[in-house]
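# Output the structure for:
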Amino acid sequence: MRLTYAGCNLFGQVPTSRELAIDHFQELPLEDDLIDIALGHSITVYLKKDGLYFHGHGLQPRVTHQITKMDVPTQAKIKLVKTCDTSVLVLDDEGRLFVLDFLAKNPGFTIRLLKRSDAGMIDKVVDFASGSTINVGLTQTGMLYNFPVRLDFRLEENVKVKKMTAGYEHVVILDTAGNVYSFGNGRRGQLGNGILEIQETPRKIQVLEGIFITDVSTGGWHSMALSRDGDVYIWGWNGDGQIGLFDDHNDPLGVVSIPQYLPLPGENLNVAHIAAGGRHSICITSDQIVFAYGCNKFNQLGLPDFEMVVNKPTKVYEISKEKKVLRVEAGPSSTVIITDEA
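Numbers count the residues shown, from 1 in each chain. You can find the predicted model right below:
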């Protein structure tokens, strides 16, 4: 597995570089034992075969450029890790969640078990989504929790949750029938239901009904969906150009409260991978061309920093056909493309 990275390196998230930012997509050393990766602002979390590692901010105040192996108090295999500005969450094969809370008064910087009773759950967790102010867990019996509250969420028979993803204050859910649901804070249009208000329980995004969606991604205050036909739909806050859409006067839109089709420059382009970052967005076509747009303050678009904001999808990189793209991840201030040999 190979990683190609662009963006913030202020804290040493890329140990092999002393640059403060990686201003173009740069291939990192081979990671044969890598299982998963999660992008935070000051750390990159690596899940490897031999454990969990933090690259970047150390465990002591004002200590950076560290590689720290974290102790997770479980003998079971770790299957999933996610991070945001406030915490790191880890899920093991036995359905137990562990948390490192950066905002705790006396965190001790240790990863502790999140007891099911504390989270309001009575069942094993199989998936979760983690945001700055919202954490959601899905159990093996299909129950959905916004910790510690169980949500009123039911799918049709033989339909299951395929993916959950969280922004700063909202969650988007994709099911196996291609339907998309959202809930949380929608005051920046990120729920896609046309109403700028808080929504306590998941509701289907009606505008996307009839379009078979295969992937979803959430940024800080915006959301993306990818259709089976390779089309991208996007909605939410456009404060830094991360929506990539314009009005009739060619001015960037402000808040887009319902999903809109996103045109890419060029002909016959089918998108295969999407990722929404804190304030930027990434699309990778089936021809492995990378388009990026939005905030570029930390070079997370893979462009020089004199371009602080890019308001429309722009070709920034082309991935070698000798590599197969597995997925792309966009964090608060960085982007990583995960590939394997074709």
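
# hey, let's count contacts and neighbours off CA atoms from now on
Will do.

# Let's verify residue 72: helix, strand, or coil?
Each residue gets one of three states, and residue 72 gets coil by DSSP: H, G, I helix; E, B strand; the rest coil.

# Could you give the number of residues near residue 33?
Residue 33 sits with 13 neighbouring residues when counted by other C-alpha atoms under 10 Å.

# So which residues of the stretch 151-300 of the chain form strands?
161-166, 170-175, 180-185, 198-204, 213-218, 222-227, 232-237, 255-261, 271-276, 280-285, 289-295 (DSSP state E, counting those that start in this stretch).

# The last one pairs with which strands?
So the one you mean is strand 289-295. Looking at strand 289-295 with DSSP bridges, its partner strands are strand 280-285 (antiparallel), strand 309-318 (antiparallel).

# Same question for the third one.
Looking at strand 180-185 with DSSP bridges, its partner strands are strand 170-175 (antiparallel), strand 198-204 (antiparallel).

# helices and strands of the chain: which one bottoms out on pLDDT?
Ranked by mean pLDDT, DSSP states H and E, the weakest helix or strand in the chain is helix 116-119, scoring a mean of 66.

# Just after that helix, pick out the following helix or strand.
As assigned by DSSP states H and E, the chain's next helix or strand after helix 116-119 is strand 125-130.

# re the thing from before, just so I know, which of the strands paired with strand 289-295 lies nearest residue 266?
Residue 266 sits nearest to strand 309-318 of all the strands paired with strand 289-295, at 10.0 Å, using C-alpha to C-alpha.

# what does the helix or strand following the closest one contact?
Proceeding N to C from strand 309-318, the next assigned helix or strand is strand 323-330, under DSSP H and E. For strand 323-330, the external contacting residues (C-alpha atoms under 8 Å, 6 or more residues apart in numbering) are 38-39, 273-278, 280-282, 288, 335-342.

# what does stretch 85-97 give?
Against stretch 85-97 from outside (C-alpha under 8 Å, 6+ apart): 40-41, 74, 76-83, 98-103, 113-116, 124-127, 130-132.

# Buried subset of the residues you listed, written for ChimeraX?
Under the burial definition 16 or more other C-alpha atoms under 10 Å, those of those that qualify are selected in ChimeraX by:
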select :40,41,78,79,80,81,82,83,98,99,100,101,102,113,116,124,125,126,127,130,131,132
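
# ok so, going back, now list the buried members of the contacts of strand 323-330.
Buried members of the contacts of strand 323-330, counted by 16+ other C-alpha under 10 Å: 38-39, 273-278, 280-282, 288, 335-339.

# Please work out how many residues are found near residue 308.
Residue 308 - counted by other C-alpha under 10 Å - has 16 other residues nearby.

# Next up, the contacts around it.
Contact analysis of residue 308 by C-alpha under 8 Å, 6+ apart lists 295, 296, 297.

# In this model residue 316 seems to touch the second one, though I could be wrong.
It refers to residue 296. No: assessed by C-alpha atoms under 8 Å, residue 296 is found out of contact with residue 316, at 11.9 Å.
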